[in-house]
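**Q** let's see this in three dimensions:
(chains A and B)
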Amino acid sequence: MIDIKFLRENPDAVKENIKKKFQDDKLPLVDQVIELDTKRRAVQAEGDDLKANRNKLSKQIGALMAQGKKEEAEEVKAQVAADGEKLAQLDNEQKELEEQILKIMMTIPNIIDPSVPIGKNDTENVEVTKYGDPVVPDFEIPYHTEIMERFNGIDLDSARKVAGNGFYYLQGDIARLHSAVISYARDFMINRGFTYCVPPFMIRSNVVTGVMSFAEMDAMMYKIEGEDLYLIGTSEHSMIGKFIDTIIPEEELPKTLTSYSPCFRKEKGAHGIEERGVYRIHQFEKQEMIVVCKPEDSAMWFDKLWQNTVDLFRSMDIPVRTLECCSGDLADLKVKSFDVEAWSPRQKKYFEVGSCSNLGDAQARRLKIRVNGKDGKYFAHTLNNTVVAPPRMLIAFLENNLRADGSVAIPEVLRPYMGGMTEIK
RNA sequence: GCAGACGUAUCGAAGCGGUCAUAACGGGGCGCACUCGAAAUGCGUUUGCCCUCCGGGGCACGAGGGUUCGAAUCCCUCCGUCUGCGCCA
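**A** Next comes the predicted model:
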């Protein structure tokens, strides 16, 4: 969410930004919200005057009552009552206007970074850098579930019976590998100075609306029946929510946290969960990183964050590349975003395994996350990035470490987490 | 889950229908004075948001409603904390 003051003073910049995101249908909203805002301020001014008057008269009544001048007090009471209806009406009007303004402001996209490439949708995302050689071996790489099944590592049939499509049982060495990756990723981030955190896996609706847009909420979040609780779609939600309504002393920044959680997603819309296997599912586990920092530091942190994911994958010898989200593919709350993609020797292309985002002050404004600085208070900047989401990373892992004889090599760094195993066979 | 108590600034806490909200009183922090320096002492300072014709004005006592001319104070709902009982990994 952008600052309405900024919108008021720079309507053209906001419109230009909307155009860059190819959301021209939202253009009229800018003038609309300015008009509503002007009205709101007028209504507030009028209401405030009436309240000032009421406060003054109420004080007089108090004084008169104290002196025992009952009749005079009654007279003044009548005066206050006269404005009562008008005041109630103005209050209502103001509230209504504020709601309308907020609703629109929530849909106006955040101002994107000047470096973001302009493009309509994900087909126009831009490759930034490749890391490692995308090797295609001379033997055939089977579909990832097939590799898993060879080791009796997955049971999708039972999962479908128990929970439906989009769930899985991981078993044996594959399940162990899954946990090993999470543990390794956790320690990897701890070694880079991040603080490990296990957050709540459910959050209240006010946190949900603070961290994501309505569209995302509808497509992603599972609601707990009869409670004001949602299952988190990523630990980013509870980790950013941790700072709701706080004023952080400037010297405590940056907050650099790495969190573990299961993630629950409806995956409603575009691709659904038709895809076979564990690529797109309703439940997965993820190691995440988030940063809360000063505005001037967020660009620097953005680069550090995606670099962490690249380094993690490279330490397991998986080729990756970074892909920059173009303007049209960028979620409304985001200033800039990179996907980290891993190489799939089977598909002979890269596929998404992580997403790194700089939200600027958009989440902070919604959640009231402020910093107490030398020159006053300001909204913090927030960022988040996937360290690793194992089901998806297992695909990359198995495909890239599969040998011609059907065994899977365990890279050096993971062995301590696998009880010393050097391969799965 | 049941019952009771509670939620006021940075912390403890007073106020329980108007004279109490930049909030009493106390602690802490910061600044100044005294001092060679420190301690002690003294003085000062220490919430956020909205509007503004920059004179001011409004809002906020966990959150949201209600009663009232007027609510921190009375009533209702919700959230949270504590204590006891119950239940549970």
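
**Q** switch to C-alpha atoms for all contacts and neighbour counts from now on
**A** Will do.

**Q** for RNA strand B, what are the nearby residues on the stretch 51-200 of chain A?
**A** Contacts of the stretch 51-200 of chain A with RNA strand B, taken as Cα under 7 Å from any atom of the strand, map to A:51-56, A:58-63, A:65-66, A:77-78, A:80-81, A:84.

**Q** please repeat the previous calculation with a cut-off of 6 Å.
**A** With Cα under 6 Å from any atom of the strand as the criterion, the stretch 51-200 of chain A meets RNA strand B at residues A:51-52, A:55, A:58-59, A:61-62, A:77, A:80-81.

**Q** show me the shaky parts of the stretch 201-350 of chain A.
**A** A:269-274 (pLDDT under 70).

**Q** can you give me the strands for it?
**A** All strands of the stretch 201-350 of chain A, identified by DSSP state E, counting those that start in this stretch, fall at A:202-203, A:222-223, A:230-231, A:246-249, A:255-264, A:283-293, A:320-324, A:336-344, A:349-358.

**Q** please parse chain A into its domains.
**A** Under the assignment automatic domain parsing, the domains of chain A span A:4-107, A:122-424.

**Q** so who does residue A:180 touch?
**A** Shown in contact with residue A:180 (Cα atoms under 8 Å, 6 or more residues apart in numbering): A:414, A:417-418.

**Q** return the closest of these with respect to residue A:114.
**A** Checking those against residue A:114 by Cα to Cα gives residue A:414 as the nearest, at 39.5 Å.

**Q** residues touching residue A:359, list them.
**A** Per Cα under 8 Å, 6+ apart, neighbours of residue A:359: A:333-336, A:381-383.

**Q** can you do 7 Å?
**A** Residues in contact with residue A:359 (Cα atoms under 7 Å, 6 or more residues apart in numbering) are A:333-335, A:381-383.

**Q** please apply the same query to residue A:129.
**A** Contacts of residue A:129 by Cα under 7 Å, 6+ apart are A:321-322.

**Q** doesn't it lie inside a helix?
**A** No: applying DSSP: H, G, I helix; E, B strand; the rest coil, one finds residue A:129 to be strand, outside a helix.

**Q** is it in a bridge, and if so with what?
**A** Applying DSSP bridges to residue A:129 yields these beta-bridge partners: residue A:322.

**Q** from residue A:341, how far off is it?
**A** Relative to residue A:341, residue A:129 is positioned 11 Å away (Cα to Cα, to the nearest Å).

**Q** I'd like to know how many residues surround residue A:184.
**A** Neighbours of residue A:184 under the rule other Cα atoms under 10 Å: 19.

**Q** quick check: phi and psi on residue A:387?
**A** Dihedral pair for residue A:387: phi -80, psi -60, per degrees, to the nearest 10.

**Q** ok, it touching residue A:309?
**A** Yes: contact criterion Cα atoms under 7 Å: residue A:387 and residue A:309 qualify, at 5.4 Å.

**Q** roughly how far apart are residue A:321 and residue A:64?
**A** Counting by Cα to Cα - residue A:321 and residue A:64 are separated by 78 Å.

**Q** out of these two, which sits in the busier spot?
**A** residue A:321 (22 against 17).

**Q** the more buried one - nearest residue in space that isn't next to it in sequence?
**A** residue A:130 (4.2 Å; Cα to Cα, 6 or more residues apart in numbering).

**Q** unless I'm mixing things up, the one you found is touching residue A:323, no?
**A** No: with contact defined as Cα under 7 Å, residue A:130 does not reach residue A:323; the gap is 9.2 Å.

**Q** more neighbours, these two?
**A** Looking at residue A:130 and residue A:323 with other Cα under 10 Å, you find the greater number of neighbours at residue A:323, namely 20 against 17.

**Q** contact partners for the more buried one?
**A** Counted by Cα under 7 Å, 6+ apart, residue A:323 has contacts A:125-128, A:338-340.

**Q** got a PyMOL select line for the buried ones in these?
**A** Burial among the contacts of residue A:323 is assessed by 16 or more other Cα atoms under 10 Å; the matching PyMOL selection reads:
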select buried, chain A and resi 125+126+338+339+340
